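Visitor: With the input below, show me the fold.
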Amino acid sequence: MTTASGQASEKAHALLGGVRKLDDEWARVAGGLGEPELRAPSALPGWTRAHVFAHIARNADGLRNLLTWADTGAETPMYASAEARDEDIEAGAQRGVADILADFVASAGRFEQYAAGMPADAWAREARNRQGAPVTGVVVARMRLSELTIHLADLGLGHDLDQVLTLLGPLAEDVVQHAITSRSAHLPALRLVADGFEWSMGAPAKTTVTGTPGELLAWLSGRSDGSALDGAVPRIPAWS
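Guide: As a prediction, the model looks like this:
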């Protein structure tokens, strides 16, 4: 195993530790939900909490497909199509409470189980995301951690983004970095600072924006307009 492969494997397993922690937190939250709570609106326009649970379940299966691709080299796209993804989420959201929550637990377990069995050198190999861009196995693990982080806050059940990121400790930096990378085409040269973390893009970065990690993540993910941040916050397109 090369040094690069060893570093990729080490990083992936650190990220998977965060995934397991948030899977446990999602399961804890889910255990207290009944029909009224699950059918209530989430923070996402047009989606109930049931839709969020269905999405996070299908995301687990989709990202497991990408791990399979990176592991075996056999092309296994995240979803059959954008339409199939949307249809699966909608269908999943209409199921009964017990089935929705069981689906979440089972899909999370499938992702964790496959990831646990990944060969060390597979984490540095590539698949392609929904947009066709290459992503390593490590990035896939980071994608899963980011989805669990952001959507736990979207449930509106006692977690804001800062609270979720606090659960992750130093892995919070990875989640914010993933959002920055995802939005890089829309960001000017910029320095972002939050609670001991710092990210720079472009050279040289003349603008500094500061806030909490959660405030930065909310802005980067389209969940706030950045008004809680300090500095000349640039306008960026809506999240899509």
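
Visitor: How about the top helix by length along the chain, which residues are buried there?
Guide: Using DSSP state H to define each element, the chain has its longest helix at helix 3-30. Of the residues in helix 3-30, those scored as buried under the neighbour-count criterion (16 or more other CB atoms under 10 Å) are 5, 8-9, 11-13, 15-16, 18-23, 25-26, 29-30. Where you see a C-beta, it was placed from the backbone N, CA and C, and this is true even at glycine.

Visitor: Rounded mean pLDDT for the next helix or strand along the chain from that helix, please.
Guide: Secondary structure here is assigned by DSSP states H and E; on that basis, the next helix or strand after helix 3-30 toward the C-terminus is helix 35-39. In this model, helix 35-39 carries a mean pLDDT of 97.

Visitor: Check which helices and strands helix 35-39 sits against.
Guide: Packed against helix 35-39, as judged by 3 or more CB pairs under 8 Å, 6 or more residues apart in numbering; DSSP states H and E, are the following elements: helix 49-72, helix 97-116.

Visitor: quick one: contacts of stretch 5-20?
Guide: When contacts are defined by CB atoms under 8 Å, 6 or more residues apart in numbering, stretch 5-20 is touched by residues 1, 111-112, 115-116, 118, 120-121, 123-124, 136-138, 141-142, 144-145, 148, 168, 171, 174.

Visitor: Which of those fall in helices?
Guide: With helices taken from DSSP H, the overlap with those comprises 111-112, 115-116, 137-138, 141-142, 144-145, 148, 168, 174.

Visitor: Would you mark the buried spots in the helix or strand of the chain with the lowest mean pLDDT?
Guide: Among the helices and strands of the chain, strand 197-201 carries the lowest confidence by mean pLDDT, DSSP states H and E, at a mean of 87. Going by neighbour count (16+ other CB under 10 Å), the buried part of strand 197-201 is W199.
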